[in-house]
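Visitor: Sequence and predicted model, in that order:
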Amino acid sequence: MARAGTVARRAEALLGSAVVATAPVSGGSICTATRLRLSDGASALIKTRAQAPADFFPSEARGLRWLASTRGAGVPDVLAVEQDCLILTWVEAGRPGAEAAEAFGRALAVTHQCSPAVFGTDSGADGFIGILPMPNRAAESWPQFFATRRILPYLKLARDRSSISAEDAAAVESVVRRIVELAGPDEPPSTLHGDLWAGNVVWARDGRVWLVDPAAHGGHRETDLAMLTLFGLPHLSRVLDAYQELTPLAEGWEDRVALHQLFPLLVHACHFGGGYGARAGAAARSLL
């Protein structure tokens, strides 16, 4: 469905509205994104991927709808979803701003305050992180969930792909053995975006911050916040300060950032190789 005419026809069939223009959207490495201008003057975004894994787009749609139900951080509306595509309301990009950052921090706190029943998902259905499957079967505690559903699966895949050295993998395994003592105070599950790096944070022209491309699940709220710090975010200190005004973080959270970052670092090692395996090893050793 790569050609514009094919994309437009597919969107028209799903939306029941004429598409009068299309334009490619840059920035995505996993999906092809196209802006649609509809006959009523509105715009939408359609995401496609050749031979997408089964449930790839429906999983994303479920995550967006789940996040929207918290009435916290903004996410685009799902207009249509099928196995081959996802259509969302269009978010017009703008520039980062301090006021928007503070509002985002408070809104993210509201999202995290919504506590699902389990770490993982009620259904146990796997999701996706990037293009990789993401196991979501529930676990009895967060340390167990994070070790067995988030660290170890991607550590194994990174080793299989020669994306992490034996020494770095051993350091990560040492963290897993000590994860109960490293995890900090017990907290109930929070509704997480799950892939909250800066590229999935859209500073919009309307002055709001919108979240896209979720890997939503019930997890530890510090995981989302640690992801935000991993590659940097404009006005991050304002986001965190506003977040903590509403829902303060447990003592010692700064010391646990490296623990929570093991997950995205290992995922990046699996996706891209390079130095991410070494960064995961360094993060693990900083905890030991």
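Guide: Received it, and whenever you're ready, just let me know what you need. Numbering: from 1, shown residues only.

Visitor: Would you mind confirming that residue 277 is in contact with residue 157?
Guide: No: with contacts defined as Cβ atoms under 8 Å, residue 277 does not count as touching residue 157, sitting 11.0 Å away. Every residue, glycine included, has its C-beta placed from N, CA and C.

Visitor: Looking at these two, which is more packed in?
Guide: residue 277 (26 against 18; other Cβ atoms under 10 Å).

Visitor: Let me have stretch 47-64 in PDB, keeping just the CA atoms, if that works.
Guide: The C-alpha coordinates for stretch 47-64 follow below in PDB (Å, rounded to 0.1, in the frame of the first residue of the first chain):
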ATOM      1  CA  LYS A  47       0.200   4.600   9.000                       C
ATOM      2  CA  THR A  48       1.000   1.600   6.800                       C
ATOM      3  CA  ARG A  49       3.600  -1.100   6.700                       C
ATOM      4  CA  ALA A  50       4.200  -3.800   4.200                       C
ATOM      5  CA  GLN A  51       3.600  -7.200   5.700                       C
ATOM      6  CA  ALA A  52       2.900  -5.800   9.100                       C
ATOM      7  CA  PRO A  53       2.900  -8.500  11.800                       C
ATOM      8  CA  ALA A  54      -0.600  -9.800  12.800                       C
ATOM      9  CA  ASP A  55      -2.200  -7.400  15.300                       C
ATOM     10  CA  PHE A  56       0.500  -4.800  14.900                       C
ATOM     11  CA  PHE A  57      -1.900  -1.900  14.100                       C
ATOM     12  CA  PRO A  58      -4.800  -3.100  16.200                       C
ATOM     13  CA  SER A  59      -2.400  -3.300  19.200                       C
ATOM     14  CA  GLU A  60      -1.400   0.300  18.800                       C
ATOM     15  CA  ALA A  61      -5.000   1.300  18.400                       C
ATOM     16  CA  ARG A  62      -5.900  -0.400  21.700                       C
ATOM     17  CA  GLY A  63      -3.100   1.300  23.400                       C
ATOM     18  CA  LEU A  64      -4.100   4.700  22.200                       C
END
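
Visitor: May I see the buried residues of that stretch?
Guide: 47-49, 52, 55-57, 59-64 (16 or more other Cβ atoms under 10 Å).

Visitor: before we move on, what about stretch 80-88?
Guide: Neighbour counts over stretch 80-88 (16+ other Cβ under 10 Å) mark 80-81, 85-88 as buried.

Visitor: List the contacts of the spatially closest residue to residue 214 that is not a sequence neighbour.
Guide: Using Cβ to Cβ, 6 or more residues apart in numbering and skipping residues adjacent in sequence, the residue nearest residue 214 is residue 63, 4.0 Å away. Neighbouring residues of residue 63 by Cβ atoms under 8 Å, 6 or more residues apart in numbering: 127, 194, 214-216.

Visitor: Please give the element, helix or strand, for residue 63.
Guide: Element membership of residue 63 [criterion: DSSP states H and E] is helix 56-69.

Visitor: Let me know the average pLDDT across that helix.
Guide: Averaging pLDDT along helix 56-69 yields 97.

Visitor: which sections of the chain are below the confidence cut-off?
Guide: Counting by pLDDT under 70, the chain contains low-confidence residues at 1-4, 28.
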